[in-house]
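Asker: Could you look at this predicted model? Sequence included:
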Amino acid sequence: MLRFLLAKLLYLIPTFIGITVVAFGFVRVLPGDPVLLMAGERGISPERHAELSAQLGYDRPFLVQYLDFLGGLFQGDLGTSLVTKRPVFDEFMALFPATVELAVCAILIATLIGVPVGVIAAIRRGSLFDQISMTGALVGFSMPIFWWGLLLIIFFSGTLGWTPVSGRISLLYYFDDVTGFMLIDSLLSGQEGAFASAVSHLILPSVVLATIPLAVIARQTRSAMLEVMGEDYVRTARAKGLTRGRVVSVHALRNAMIPVITTIGLQVGVLMAGAILTETIFSWPGIGKWMIDSISRRDYPVVQSGLLMIAAIVMVVNLIVDLTYGLINPRIRHK
């Protein structure tokens, strides 16, 4: 298992270096001048512009700037925001719990609904449930997040008035930010109605963000179950007289879960991408909205370091998924 882990870690090194190049180069091709944006409407003289560019290092060659960025990165320095003048890492960590809370709720919704739906659709292949669920999964996968989010806001918030439109909790509640996770902090506050308010604010963004992963997980689970149900060991289990539930849960589902776990792990990247749109639509104060705002302000350090940290999170999750393979199926460790 240790050799398997070391091999996976070695693969991450060139991947991480490549991501630093992409993240650093991406912000340099964005239109606009961050120095002019820092000056605002007052404008700036050419002499002052040249002075600020030299202070920020933007007058140096691309390779020199990249090596400086890489050197700071290896020292744990992700840079300082051009707008807020705060360390990028501090801003990221302050907003990251909001995105984690949203992403975890979304993936739980997608998994807890998608896996059972896929299993039932496979067992009842060709039935009305199978056709309706897989058609719904196809529609959910094809639906743009921004359009779906606006529809839910109009119906549930505007027409029915069941859920809030934006934010993480009602402005009526105020308490210390202990963990950064609103659900936990609202419980710790002891204020009556705070937790219910936090949940009501979380429902619509979570459902919107979970739609595409749910569709993918349901279809992948159905496909994996259909493949496994035709294997010899499943037919043998049936011939032994085992109950249908035991055949499905013990013999079929465990082996079918390997590609499903892969799919769930890969959805982390989808969640990060979807969180950018979802957080913008619902004014959710997470890293997605932070990145969008930083791109519009040409805040180079925030954009490049934010992209890098998001990519690192996706890489770590994929590594955990690979290690999970080895636990579920030991044969994978020796490949």
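Answerer: Cool, the structure landed.

Asker: After the helix-or-strand element of the chain with minimal mean pLDDT, which helix or strand is next?
Answerer: The weakest-scoring helix or strand in the chain, judged by mean pLDDT, DSSP states H and E, is helix 34-39 (a mean of 68). As assigned by DSSP states H and E, the chain's next helix or strand after helix 34-39 is helix 46-56.

Asker: For that following helix, buried residues please.
Answerer: Residues of helix 46-56 classed as buried by neighbour count (16 or more other C-beta atoms under 10 Å): 49, 52, 56. Yep, even glycine has a C-beta here, placed from its N, CA and C like the rest.

Asker: Any figure for the gap between the second one and Leu102?
Answerer: Computed with C-beta to C-beta, to the nearest Å, the distance linking Leu52 and Leu102 is 37 Å.

Asker: again, but for Asp177
Answerer: For Asp177, the distance to Leu102 - C-beta to C-beta - is 16 Å.

Asker: And these two? Which one has more around it.
Answerer: Leu102 (27 against 10; other C-beta atoms under 10 Å).

Asker: so who does that one touch?
Answerer: 202, 205-206, 209, 275, 278-279, 284, 286 (C-beta atoms under 8 Å, 6 or more residues apart in numbering).

Asker: Could you list which of those belong to helices?
Answerer: Among the contacts of Leu102, DSSP state H puts 202, 205-206, 209, 275, 278-279 in helices.

Asker: and which of those residues is nearest to Val35?
Answerer: Of all the ones in helices among the contacts of Leu102, Val35 sits closest to Glu279, with 28.0 Å by C-beta to C-beta.

Asker: Any figure for the gap between that closest one and Phe155?
Answerer: Here the criterion is C-beta to C-beta. By it, Glu279 lies 20 Å from Phe155.

Asker: which regions of this structure sit below the pLDDT cut-off?
Answerer: 1-2, 4-5, 8, 30-32, 37-43, 244, 250-251, 325-335 (pLDDT under 70).

Asker: Let me know the closest of the buried residues of helix 46-56 to Leu95.
Answerer: Closest to Leu95, out of all of the buried residues of helix 46-56 and judged by C-beta to C-beta, is Leu56, at 23.5 Å.

Asker: OK, contacts around that closest one?
Answerer: 34-35, 82.

Asker: let's see 7 Å
Answerer: With contact set as C-beta atoms under 7 Å, 6 or more residues apart in numbering, Leu56 has no partners.

Asker: For Phe69, grab the count of nearby residues.
Answerer: Phe69 has 21 nearby residues by other C-beta under 10 Å.

Asker: Wait, a strand at it?
Answerer: No: under DSSP: H, G, I helix; E, B strand; the rest coil, Phe69 sits outside any strand and is assigned helix.

Asker: element containing the residue lying closest to it once chain neighbours are set aside?
Answerer: Closest residue to Phe69 apart from its sequence neighbours, by C-beta to C-beta, 6 or more residues apart in numbering: Phe24 at 5.6 Å. Take DSSP H and E as the rule and Phe24 turns out to sit in helix 2-28.
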